[in-house]
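Asker: task: produce atomic coordinates for the following.
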Amino acid sequence: MTAVGIDISKGRSTVCAVNASKDVVLTPRDFDHTEVGLERLIYNELLALDGEVKVIMEATGRYHEPVASALHEAGIFVCVLNPLVTHNYGNNTIRKVRSDKADARKIARYGIDHWAELREHTPLDSMRQQLKLVGRQYNFYMKHVVQQQNNLIALSDKVFPGVNEIFTSPMRKDGHQKWVDFFLTFWHADYISRMSQKAFIERYRKWCKRKGYNFSEQKAFDVYVSALGHYITLPKNAYAKLLVTTACNQLITTPKNLAAIKAELLRIATLMPEYEMVLSLYGVGEITAAQLMAEIGDVRRFDNRGSLIAYAGVDPSTSQSGKYLSKSGKVTKRGSSHLRKTLFQIVSTHLKRSPADEAVYQFINKKRAEGKPYFVYMTAGANKFLRIYYGTIKPFLASYQEVSQSS
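Answerer: Below is the predicted model of the structure:
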């Protein structure tokens, strides 16, 4: 048997192979992540090795994906490890050596020592890869929308305090918000306070018509009153206008992009066979359903529910020494942070709605009654939800596959 260790880098990696005696049979060498480089690795190096060959590499963001996919398509056994697994392996030396060649050799030797435990990596199908990528972009733009909104509110406190609280209309499908559009036009309270009430109401009516918003004379009166009597800390000048209008335009453009990405995320999610089943779980909405499927992938790749919980990083750690045994260990947090964020949103929904007949809420309530801290019972709820998800979705996908194959 031969274990091949690959130290992944951006655009180029180092490969080394050792046999069962841990003797180097393929000296460390570099290859590019190009079509030519991967073909040279597969046909000139890996397929020329004798006996059973297993390739081991670490998960390094997106860099390992083209290598793992190319090797898998060539029929070569590939195992992708969490870097934490190999971090402390083989460090029984006083020498401190850190190089790509040494790391590749270390990964290969790990493969020999844990040969029987290596799990084959199966790349997600293209549809699930697209869903995960779009889901990550949705989270990225959502984060920027929140930051830009907080920035605009901070600026409004200097020129028009409370303008963000005047309108309660939800964000439109095109990403526009009424208070942002209004603030872009009336970017300083002096614009309104120096008008007569009648003149402002008429101008507000024309603005609503032009922007496609409903007009209410009572709302116009409320807006006029809210603009009076403020102590403004930023005068009405070109400098203030530049800051406000720039921030407003950003908060209009980014939600537009977010709305387009959201539509694409939901379009891909609805093509997944388990979408309706995931959506039927309590506390899961259309976005969180898409995010769950994107981060978990095909749930059948997990051997048991404990593997899924560990992947999410919500499994409790164990601390025991002698007679000491920790009764409340911290969660590992060594899994997907994106998945933990989605789970936190779902569990928060259970807390807000308090459905007495739901198993997740009952479990949370039980832990809360025991006096557990907030993050403890929230994590316990996430753990419980994943168990339900695994027990519901895995049998469904298995039966769906059987039906698809028979038809």
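Asker: the domain parsing of this structure - what is it?
Answerer: Domain assignment of the chain by automatic domain parsing yields the ranges 2-123, 128-267, 275-406.
Asker: the longest one spans what distance, first to last residue?
Answerer: With CA to CA, to the nearest Å as the measure, domain 128-267 spans 12 Å from end to end.
Asker: from the chain's centre, how far out does that domain sit?
Answerer: 27 Å (CA atoms, centre = their mean, to the nearest Å).
Asker: kindly reformat the domains of the chain as JSON lines containing mean pLDDT and mean neighbour count.
Answerer: For glycine as for every other residue, the C-beta is placed from the backbone atoms N, C-alpha and C. Formatted as JSON lines, the domains of the chain follow (pLDDT from 0 to 100; neighbours: other CB atoms under 10 Å):
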{"stretch": "domain 2-123", "mean pLDDT": "89", "mean neighbour count": "16"}
{"stretch": "domain 128-267", "mean pLDDT": "93", "mean neighbour count": "16"}
{"stretch": "domain 275-406", "mean pLDDT": "89", "mean neighbour count": "16"}
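Asker: secondary structure class for residue 213?
Answerer: coil (DSSP: H, G, I helix; E, B strand; the rest coil).
Asker: the strands in this structure, which residues?
Answerer: Along the chain, counting by DSSP state E, strands occupy 2-7, 12-19, 24-32, 53-58, 77-81, 320-321, 324-325.
Asker: can I get those strands in JSON lines with distance to residue 266?
Answerer: Formatted as JSON lines, the strands of the chain follow (distance: least, CB to CB, whole Å):
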{"stretch": "strand 2-7", "distance to residue 266": "37"}
{"stretch": "strand 12-19", "distance to residue 266": "36"}
{"stretch": "strand 24-32", "distance to residue 266": "38"}
{"stretch": "strand 53-58", "distance to residue 266": "33"}
{"stretch": "strand 77-81", "distance to residue 266": "29"}
{"stretch": "strand 320-321", "distance to residue 266": "46"}
{"stretch": "strand 324-325", "distance to residue 266": "47"}
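Asker: among those strands, which comes closest to residue 397?
Answerer: With CB to CB as the measure, strand 77-81 is the member of the strands of the chain nearest residue 397 (21.8 Å).
Asker: name the strands paired with that closest one and say parallel or antiparallel.
Answerer: In the sheet, strand 77-81 lines up against strand 53-58 (parallel) (DSSP bridges).
Asker: the partner strand versus strand 12-19: what angle between them?
Answerer: Strand 53-58 runs at 140 degrees relative to strand 12-19, counting by axes from the mean of the first three to the mean of the last three CA atoms, to 10 degrees.
Asker: which residue would you name as the spatial centre of the protein?
Answerer: residue 338 (3.3 Å; CA atoms, centre = their mean).
Asker: any idea how far it is from residue 259?
Answerer: Between residue 338 and residue 259 the computed distance is 21 Å (CB to CB, to the nearest Å).
Asker: can you check residue 209 too?
Answerer: 23 Å.
Asker: likewise residue 253?
Answerer: 11 Å.
Asker: again, but for residue 6
Answerer: In terms of CB to CB, residue 6 sits 41 Å off from residue 259.
Asker: in contact with residue 348, which residues?
Answerer: Neighbouring residues of residue 348 by CB atoms under 8 Å, 6 or more residues apart in numbering: residue 378.
Asker: tell me the spacing between it and residue 218.
Answerer: Distance of residue 348 to residue 218, given as CB to CB: 35 Å.
Asker: now swap in residue 276 and tell me
Answerer: In terms of CB to CB, residue 276 sits 43 Å off from residue 218.
Asker: same question, residue 272
Answerer: For residue 272 relative to residue 218 (CB to CB), the value is 46 Å.
Asker: what's the answer for residue 296, then?
Answerer: Distance of residue 296 to residue 218, given as CB to CB: 49 Å.
Asker: and what of residue 316?
Answerer: 55 Å.
Asker: now residue 120
Answerer: From residue 120 to residue 218 the distance is 66 Å (CB to CB).
Asker: quick one: the helices in the stretch 101-250 of the chain?
Answerer: Ranges of helices in the stretch 101-250 of the chain, per DSSP state H, counting those that start in this stretch, are 126-159, 178-185, 189-193, 197-211, 217-226, 238-270.
Asker: nearest to residue 395, out of those?
Answerer: Within the helices of the stretch 101-250 of the chain, the stretch nearest residue 395 is helix 126-159; the backing value is 18.9 Å (CB to CB).
Asker: from the chain's centroid, how far away is that closest one?
Answerer: With CA atoms, centre = their mean as the basis, helix 126-159 stands 12 Å off its chain's centre.
Asker: run the angle between that helix and helix 178-185 for me.
Answerer: Between the axes of helix 126-159 and helix 178-185, defined by the same axes, to 10 degrees, the angle is 50 degrees.
Asker: show me what helix 126-159 packs onto, helices and strands only.
Answerer: helix 178-185, helix 238-270, helix 286-296, helix 337-353 (3 or more CB pairs under 8 Å, 6 or more residues apart in numbering; DSSP states H and E).
Asker: off-centre distance for the second one?
Answerer: Same thing as helix 238-270. That offset, for helix 238-270, works out to 19 Å (CA atoms, centre = their mean).
Asker: next: the third one.
Answerer: Averaging C-alpha coordinates over helix 286-296 and over its chain gives two centres that are 9 Å apart (CA atoms, centre = their mean).
Asker: dump it to PDB, restricted to CA.
Answerer: Backbone C-alpha positions of helix 286-296 (Å, rounded to 0.1, in the frame of the first residue of the first chain) are rendered in PDB as follows:
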ATOM      1  CA  GLU A 286     -37.200  29.500   2.600                       C
ATOM      2  CA  ILE A 287     -33.800  31.100   3.100                       C
ATOM      3  CA  THR A 288     -32.700  29.000   6.100                       C
ATOM      4  CA  ALA A 289     -33.800  25.900   4.200                       C
ATOM      5  CA  ALA A 290     -31.600  26.800   1.300                       C
ATOM      6  CA  GLN A 291     -28.700  27.600   3.700                       C
ATOM      7  CA  LEU A 292     -29.100  24.300   5.500                       C
ATOM      8  CA  MET A 293     -29.000  22.300   2.300                       C
ATOM      9  CA  ALA A 294     -26.100  24.300   1.100                       C
ATOM     10  CA  GLU A 295     -23.900  23.800   4.200                       C
ATOM     11  CA  ILE A 296     -24.900  20.200   5.000                       C
END
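Asker: with that, I have no additional questions.
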